[in-house]
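Asker: Would you be able to build a 3D model of this:
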Amino acid sequence: MNHIDIETQQLKTELVEMWRLVVHQMKAALLVLAEFDKSKIESIQNTEKQVNELELKMDKACENIFALHNPVAGDLRLVLAMLRINTSLERIGDAAADVAKFVKKAGTFDFAPLLQSTQTLLMFEEANELLADVLDSFETENAVLALSIFKRDQTLNAMYKAARAIIIEEIKGDPQHVEDYLDLLTIIRKLERSGDQCKNIAEEIIFFVEAKVLKHNEEKYKGTSN
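Answerer: Next comes the predicted model:
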């Protein structure tokens, strides 16, 4: 293997390490939200620090490869994809940290019925499955699996819209708890955005595996995800 191959393989290994931390972080955040268990919040926050450090390390490593090796063709696509995936993963990690902050801030308001009616936990599980599947797609360079993420993200979007409508109605009937409702809506929106980030990652996987650019082209999504 030449120098650039060695460095890109090392970079992939480090990206997968970061990815698995984010997967762990999101699973922990789901448990914290489901159980409102504040004892697990510190662990999520500590993982968030690790993820942030790895993001900076990945950014620097990608910059070094561009500067030292001037990659082309497949190597260029891979490094560009990993640079963008790195950013998306950090943002998903931020969503997990925000869930922890939400639970830490929560007072005596009983969120359990609302979590059930809005299907927030189910939405969280779906977001976590998307994150795990794009990781599998990246490690196996499976563009078909990556492509399946687009349609599944649409399901997540629909769940968000339904949850938002329910919360709006709850606010109308119980305006004294509007801040609690809006805090939960913010978390639900972050889960929907996590799905968007997974879709962005899937785009990058297809970009480096098949040299296809699908960004900002919804018609291609529809035409190839059936």
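
Asker: so what pLDDT did residue 110 get?
Answerer: Each residue has a pLDDT score; the one for residue 110 is 92.

Asker: now swap in residue 121 and tell me
Answerer: 97.

Asker: helix or strand for it, which one?
Answerer: In the assignment (DSSP states H and E), residue 121 maps to helix 120-140.

Asker: May I see the buried residues of stretch 98-112?
Answerer: Neighbour-count burial for stretch 98-112 flags 98-100, 102-103, 106, 111 (criterion: 16 or more other Cβ atoms under 10 Å). The C-beta positions use only the backbone N, C-alpha and C, and glycine is treated the same way.

Asker: Among the residues you listed, which one sits closest to residue 177?
Answerer: Distance to residue 177 across these (Cβ to Cβ) is lowest for residue 111, with 10.1 Å.

Asker: which of the buried residues of stretch 98-112 lies closest to residue 47?
Answerer: Nearest to residue 47 out of these is residue 100 (Cβ to Cβ; 9.6 Å).

Asker: Could you figure out how far the helix or strand encompassing that closest one is turned away from helix 120-140?
Answerer: Secondary structure assignment for residue 100, by DSSP H and E: helix 73-105. Orientation check (axes from the mean of the first three to the mean of the last three Cα atoms, to 10 degrees): helix 73-105 against helix 120-140 gives 160 degrees.

Asker: In PDB, could you pull the C-alpha coordinates for the very next helix or strand once past helix 73-105?
Answerer: Once the chain leaves helix 73-105, the next helix or strand it forms, by DSSP H and E, is helix 112-117. Taking C-alpha atoms only, helix 112-117 is exported to PDB below (Å, rounded to 0.1, in the frame of the first residue of the first chain):
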ATOM      1  CA  ALA A 112     -44.900  10.200  29.600                       C
ATOM      2  CA  PRO A 113     -48.300  10.500  28.000                       C
ATOM      3  CA  LEU A 114     -47.000  13.000  25.500                       C
ATOM      4  CA  LEU A 115     -44.100  10.900  24.600                       C
ATOM      5  CA  GLN A 116     -46.500   8.100  23.800                       C
ATOM      6  CA  SER A 117     -49.100  10.100  21.800                       C
END
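
Asker: Show me what helix 112-117 is in contact with.
Answerer: The contact list for helix 112-117 (Cβ atoms under 8 Å, 6 or more residues apart in numbering) reads 33-34, 120-121, 166-167, 170, 181, 184.

Asker: Can you say which two of those are spatially most distant?
Answerer: Using Cβ to Cβ, the pair of these lying farthest apart is 34 and 170, separated by 19.6 Å.

Asker: I am finished for the moment; much appreciated.
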